[in-house]
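In: what's the 3D shape of this:
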Amino acid sequence: MEILFTALLIMHVIAGTTGLIAGPVSMVNKKGGRQHRFTGKLFFYAMMLVSVTAVSMATLPHHHSPFLLIIGVFSAYLVSSGYRVLYLKGLPKGQKVLSLDWAISLTMAAFAVYFILSGLTGGMGSSFGSVNVVSVVFGSIALLLVVKDMRKYTKAPADKNFWLYDHITRMIAGNIAAFTAFLVVNNSMLPPVVAWLGPTVIGTAVISFFITKYKLKARKGSAKDELVTVKIAAGS
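Out: The predicted structure is shown next:
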């Protein structure tokens, strides 16, 4: 059993290091470009391996870790839903949602409820000092994202660029999860709550920046199209 744990840990560390590097690089690369797609896929597969190894280690006898379970499940949901939304661009035009997308969201919903209830009742234990608080916070965030999933699955999104905003949000949130795990494991100075939630606060600001940037860009594009239409109509 110890040999299995060690093997999983090595894969986890290698994949985590890859994700920590590929994630930020993908963010600064030109969106839609070849380098962005390459580093984005590298980040996706690295984080999925991180999640699988984290959940596996967390469930091994004598190695139960609420920390690994929360980060593993949440990371898997974030990057998988962030990746899958690229294939749902047609939802505003009536595209059908696959069973895979429903499965991803519903699985996260079940874990989110578990995290919230366990955190409120102290069921997550006392590892890292604040894991119950974090369990409630991360579970609540996950549940809000799942509700958003349900809305776009059952009602066509009004904004045709919804997929871009969801992709940005989920992938940066995946980066937040990776940095949170790294900081919590290696933290020796910051209060546990700061180590757990600090990356979320900073990452949320980064998400807001990129979403605002692309929404403004989309509005300028729409305004330009309307101006061209008016000029054509006036000249006809």
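
In: quickly find the element holding the residue most central in space within the chain.
Out: For the chain, Leu78 is the residue whose C-alpha lies nearest the centre (CA atoms, centre = their mean; 2.8 Å). According to DSSP states H and E, Leu78 maps onto helix 66-84.

In: check which element follows that helix along the chain.
Out: Moving toward the C-terminus from helix 66-84, the next helix or strand (DSSP H and E) is helix 99-121.

In: re earlier: now the helix holding Leu78: buried residues?
Out: 66-84 (16 or more other CB atoms under 10 Å). All C-beta atoms are positioned from the backbone trio N, CA, C, and that covers glycine.

In: over to stretch 192-200?
Out: By neighbour count on 16+ other CB under 10 Å, the buried set for stretch 192-200 is Pro192, Ala195, Trp196, Leu197, Gly198, Pro199, Thr200.

In: gap between that stretch and the chain center?
Out: Remark: stretch 192-200 is offset 16 Å from the chain centroid, using CA atoms, centre = their mean, to the nearest Å.

In: begin at 7 from here
Out: In the new count, where the first residue is 7, that last one comes out as stretch 198-206.

In: may I have it as CSV, with CA atoms only?
Out: Backbone C-alpha positions of stretch 198-206 (Å, rounded to 0.1, in the frame of the first residue of the first chain) are rendered in CSV as follows:
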residue,chain,number,x,y,z
PRO,A,198,-4.0,28.7,7.4
VAL,A,199,-7.1,30.6,6.3
VAL,A,200,-4.9,33.0,4.3
ALA,A,201,-3.1,30.2,2.6
TRP,A,202,-6.3,28.5,1.7
LEU,A,203,-8.4,31.4,0.6
GLY,A,204,-5.7,33.9,-0.5
PRO,A,205,-5.3,32.5,-4.0
THR,A,206,-9.1,32.6,-4.4
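
In: quick check: mean pLDDT of that stretch?
Out: In this model, stretch 198-206 carries a mean pLDDT of 81.

In: likewise stretch 73-90?
Out: Regarding stretch 73-90, the rounded mean pLDDT is 92.

In: report the distance from it to the chain centre.
Out: Using CA atoms, centre = their mean, the offset of stretch 73-90 from its chain centre is 6 Å.

In: using CSV, write down the CA coordinates of stretch 208-216.
Out: Extracted C-alpha coordinates of stretch 208-216, given in CSV (Å, rounded to 0.1, in the frame of the first residue of the first chain):
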residue,chain,number,x,y,z
ILE,A,208,-6.4,37.1,-6.0
GLY,A,209,-7.6,34.7,-8.7
THR,A,210,-11.1,36.2,-8.6
ALA,A,211,-9.6,39.6,-9.4
VAL,A,212,-7.8,38.1,-12.3
ILE,A,213,-11.0,36.5,-13.6
SER,A,214,-12.8,39.8,-13.3
PHE,A,215,-10.1,41.5,-15.3
PHE,A,216,-10.2,39.1,-18.2
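
In: contacting residues around it?
Out: Outside stretch 208-216, the residues within contact range by CB atoms under 8 Å, 6 or more residues apart in numbering are Met33, Ile174, Thr175, Ile178, Ala179, Asn181, Ile182, Phe185.
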